[in-house]
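Participant: no sequence on this one, just coordinates:
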């Protein structure tokens, strides 16, 4: 019997007992829905938690400081840097050429004076000191920066900046509505000390900028994010100071730090060791991420197990329904054999019937699971946003949906094996037995 | 082309069923010969062994002792796929209960027998339609068994039995569930197809009139062949034949 004929026969049988088939299908669909939703939610939770830990950047990122390495740094995620050491393009190139290094992004920070422009509902403080973090923004995905509202400054721009939630706090703005600050003006002054023998004077190189976004960032300590071109200009201006520049926290190093991305979480340790050998201090949240990942894996396993158990129970429903069908169709199976069907033909029809129920239930359940997870995502998102945290993005995971459909089909086939074997082994004589 | 009928040769056939701790003999040393293209009726009381003999001849039950040869096939020792192939290619069954699948149309029920063969889809559809026309149901192809009368259902079953051009038709009380007129029609159809196609026919029946139409009458009693004659004689009485007239011609 061809697959097409067996499928047509199985489909007719499913339609014949529509009520029972629908109930069985619903049980499989509900279980597949539960499994898909739980896996989607747990996977999203894992991704989002790790994203929060990595502040939106790649998980395998390492921060390199313009300082000598601390001997104990490799054992710690946040090692204390040793004595200052110049970090320039040559060192960046050397690090970039290390095996297992995917990218190197230089960062320059600059201590500056900031004067917020006129904005709704605030007047204080008129100015404040903070550190501007300048980075090469051509590929922001390589940096531990996540956009909470608006966008990042355009690469190379001297007139666009992004602020962090610290800025909102400083200006006593509502942290749950970061978008309100987007579009405001911010004047940034790079200070320079002039020693006129009799007295020291400060002058600043002023730049009027516009706030284009609010971000969370871990590239370097600082409340304002701008382009590396902007902070480099400020750094050069400030570096030309005379006399006592202690308050300006000036450094001769061309770069304040580097953000290095390793080729996977498991390579971070190796890359850190190599950078230490070159002579620079490093830090990376690898231990924290690895620990959190382990816990989240446990959560995912538990949730998947709960969904799988539900699916197994639903598939036992298929076994039960098919066993009942075999009991009711003894004579029919006998007739099928009497007209020439082999044992495997009967087996095939029943297995297809079971798989059909599993596959249909799997498709319905997986779509239902995705829909349920999306609803949960919307609820969680609104809560996180209200708390001033990054929202979650719960998109369809084709892998999980496929897993739901294939898992249901496979389990249903296994569940159908016992009744199918039972049907296949029925003697052909059933055709002439008294019912 | 009609298939040539398969001769039946049974020698010393014995068959028993397990029952609790012991066994119950269903057939006990049955000898039987039906020539190719023969038309035989098998009569006997309930429990005489008619259905068991039919099941063995039809490959539904493997014989336990003795020799059973249908056409060129020795059924002794045949099992599994071998028996299935025999049932598919040599035998056509007609059941008292029709044995139709309720969800399938008349066309699909008849075609069901040929989907088990390697016949191409188009060819088997053409053959199925021809068979339904032959049994007078050319206009009822899309009707499901529930939408057909008893006589029409049995006609569908006969068409299905002929689907693979069998050399032997085994009919187990084909008129048992039919009224008199329908029974008459079904038997006449079987006889007509027998004449046209030349296949061997063995009809199990309780109906003396129907049994009397066959050219060879076989009577079973307590698992053994007993003499049977043409008329309502003492031989029929001794075979334990149910004398009720539930259709067909009166004698």
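Facilitator: Nice, thanks for sending it over. This one's a predicted model, so the numbers in the text were calculated from it and none came from an experiment.
Participant: which residue does the stretch 151-251 of chain B bring closest to chain A?
Facilitator: Going by C-beta to the nearest C-beta, chain A is nearest to residue B:172 of the stretch 151-251 of chain B, at 5.6 Å. Placement of C-beta: from N, CA and C, glycine included.
Participant: Report the separation between that residue and residue A:228.
Facilitator: Separation of residue B:172 from residue A:228 (C-beta to C-beta, to the nearest Å): 93 Å.
Participant: For chain B, give me the ranges with low pLDDT.
Facilitator: Within chain B, the segments meeting pLDDT under 70 span B:1-3, B:228-251.
Participant: Is there proximity between stretch B:55-70 and chain A?
Facilitator: Yes - against chain A, stretch B:55-70 shows contacts by C-beta under 8 Å from any C-beta of the partner chain at B:55, B:58, B:59, B:60, B:61.
Participant: how would you label residue A:297: helix, strand or coil?
Facilitator: Following DSSP: H, G, I helix; E, B strand; the rest coil, we place residue A:297 in the helix state.
Participant: Tell me, how many residues neighbour the closest residue in space to it that isn't next to it in sequence?
Facilitator: Spatially, and ignoring its direct neighbours in sequence, residue A:297 is nearest to residue A:46 (7.7 Å; C-beta to C-beta, 6 or more residues apart in numbering or on different chains). Neighbour count of residue A:46, defined by other C-beta atoms under 10 Å in any protein chain shown: 17.
Participant: what's the distance between residue A:46 and residue B:161?
Facilitator: With C-beta to C-beta as the criterion, residue A:46 and residue B:161 are 63 Å apart.
Participant: do the same with residue B:83
Facilitator: Counting by C-beta to C-beta, the gap from residue B:83 to residue B:161 is 17 Å.
Participant: Please say which of those two ends up with more neighbours.
Facilitator: Legend: neighbour count by other C-beta under 10 Å for residue B:83 and residue B:161, higher for residue B:161 (28 against 21).
Participant: check contacts around whichever residue of chain B sits closest to chain A.
Facilitator: Going by C-beta to the nearest C-beta, chain A is nearest to residue B:88 of chain B, at 2.6 Å. Residue B:88 makes contact with A:339, A:340, B:113, B:116, B:117, B:164, according to C-beta atoms under 8 Å, 6 or more residues apart in numbering or on different chains.
Participant: Next secondary structure after the host helix or strand of it?
Facilitator: Per DSSP states H and E, residue B:88 falls inside helix B:80-89. Counting by DSSP H and E, the element after helix B:80-89 in chain order, helix or strand, is strand B:91-94.
Participant: Can you list the strands that that following strand pairs with?
Facilitator: strand B:168-172 (parallel) (DSSP bridges).
Participant: Other residues contacting the strand it pairs with?
Facilitator: Here strand B:168-172 makes contact (C-beta under 8 Å, 6+ apart) with A:432, B:5-6, B:8, B:51, B:54, B:57-58, B:70-71, B:90-96, B:161-162, B:190, B:193-194, B:199-204.
Participant: The helix holding residue B:88 vs strand B:168-172, what angle?
Facilitator: Counting by axes from the mean of the first three to the mean of the last three C-alpha atoms, to 10 degrees, helix B:80-89 points 90 degrees away from the direction of strand B:168-172.
Participant: so how far is helix B:80-89 off the chain centroid?
Facilitator: 16 Å (C-alpha atoms, centre = their mean, to the nearest Å).
Participant: what about residue 28, neighbour count?
Facilitator: In the absence of a named chain, chain A is used. 29.
Participant: not what I meant, chain B
Facilitator: Counted with other C-beta under 10 Å, residues neighbouring residue B:28 total 17.
Participant: So in terms of bridging, what pairs with it?
Facilitator: As for beta bridges, residue B:28 partners with residue B:14 under DSSP bridges.
Participant: May I have the predicted confidence score for residue A:157?
Facilitator: What the model reports as pLDDT for residue A:157 is 91.
Participant: just residue A:120 next, same as before
Facilitator: Confidence at residue A:120, expressed as pLDDT, is 50.
Participant: what does residue A:52 give?
Facilitator: Note for residue A:52: predicted pLDDT of 62.
Participant: all strands of chain B, in order?
Facilitator: Secondary structure of chain B by DSSP state E: the strands cover B:8-19, B:22-34, B:39-44, B:65-70, B:73-74, B:91-94, B:168-172, B:200-204, B:216-221, B:224-226.
Participant: Could you dump the ones you listed into a markdown table and include distance to residue B:121?
Facilitator: Below are the strands of chain B laid out as a markdown table (distance: least, C-beta to C-beta, whole Å):
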| stretch | distance to residue B:121 |
| --- | --- |
| strand B:8-19 | 33 |
| strand B:22-34 | 35 |
| strand B:39-44 | 34 |
| strand B:65-70 | 30 |
| strand B:73-74 | 28 |
| strand B:91-94 | 21 |
| strand B:168-172 | 25 |
| strand B:200-204 | 30 |
| strand B:216-221 | 39 |
| strand B:224-226 | 44 |
